[in-house]
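Q: I'll drop the sequence and a predicted model, then ask my questions.
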Amino acid sequence: MNLQDIIDKLRQDERNKDYTERGIDPIFQIHEEAKILIIGQAPGRKVEESGIPFHDKSGETLMDWMGIDASVFYSPAISIMPMDFYYPGKAKTGDKPPRKFIAAEYHPDILALMPDLSLTLLIGKYAMDYYLKGRKGRNLTETVRNFEAYLPDYFPIVHPSPLNFRWQASNPWFKADVDGCIITTTNTEQC
């Protein structure tokens, strides 16, 4: 199965009918030659409008943490595959969680297209829960703090959303220990 087949399947999937009818395509960035894969939560409302993954304040913060600019972030070296390829909508606090079937049914076929990945960034709870399963720490903070335990395959980080300012303020070690370490890790060096 190639990427276009997967996109066509997503558009035809009845569970995505509302998005397809509104002319919204699945939002991801897949490059078969990518070395880094970013797995985040799901596109937000602003990203849904642009159709460009992480084209918002969260993306600006993530690029800063990675120590790269948009020309690298949106280059063939990096793929972006969220846990849901569509904006799931607003909840009482924040956005609704990503729909579970996307990762279960579509991620394996997309991952098969990228044989040269050297690192996968797991951004936020949903990506960590799915990909680390029984290997996670007792909570998100513990998992992120112990990021080296998941290398070289995974690098778990907190979501770069501006709404996470309280978490970042309560965990100043993150900026000191993790910020700037992500790209270094892709060169197979430890931080």
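A: Perfect, I can see it now. Numbers count the residues shown, from 1 in each chain.

Q: where do the strands sit along this structure?
A: For the chain, the strands defined by DSSP state E cover 36-39, 78-80, 119-123, 154-157.

Q: Tell me how far the longest one lies from the chain's centre.
A: In other words, strand 119-123. Distance of strand 119-123 from the chain centroid (C-alpha atoms, centre = their mean, to the nearest Å) equals 7 Å.

Q: Now for the protein, the helix or strand with the poorest mean pLDDT.
A: Scoring the helices and strands of the chain by mean pLDDT, DSSP states H and E places helix 181-186 at the bottom, with a mean of 59.

Q: Now do T93, the pLDDT please.
A: Per-residue confidence (pLDDT) for T93: 78.

Q: Now for it, how many residues are close by?
A: Neighbourhood size, T93 [other C-beta atoms under 10 Å]: 6. C-betas here are computed from N, CA, C, even on glycine.

Q: Next, the buried residues of stretch 5-12.
A: Across stretch 5-12, burial judged by 16 or more other C-beta atoms under 10 Å covers I6, I7, L10.

Q: about what we covered before: now the strands of the chain as CSV including mean neighbour count, mean pLDDT and distance to P97?
A: Below are the strands of the chain laid out as CSV (neighbours: other C-beta atoms under 10 Å; pLDDT from 0 to 100; distance: least, C-beta to C-beta, whole Å):
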stretch, mean neighbour count, mean pLDDT, distance to P97
strand 36-39, 24, 98, 14
strand 78-80, 23, 98, 18
strand 119-123, 23, 96, 14
strand 154-157, 24, 95, 17
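
Q: What ranges in this structure fall below the confidence cut-off?
A: 179-180, 183-191 (pLDDT under 70).

Q: Residues contacting stretch 41-48, please?
A: 24, 27, 53-56, 58, 82-88, 90, 95, 97-98, 123-124, 126-127, 159 (C-beta atoms under 8 Å, 6 or more residues apart in numbering).

Q: picking that back up, N139 is nearest to which of the strands of the chain?
A: strand 154-157 (11.6 Å; C-beta to C-beta).

Q: Please save the CA atoms from that closest one in CSV.
A: What follows is strand 154-157, C-alpha atoms only, in CSV (Å, rounded to 0.1, in the frame of the first residue of the first chain):
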residue,chain,number,x,y,z
TYR,A,154,11.5,6.8,21.3
PHE,A,155,12.0,10.2,22.8
PRO,A,156,8.9,11.1,25.0
ILE,A,157,8.2,14.8,25.6
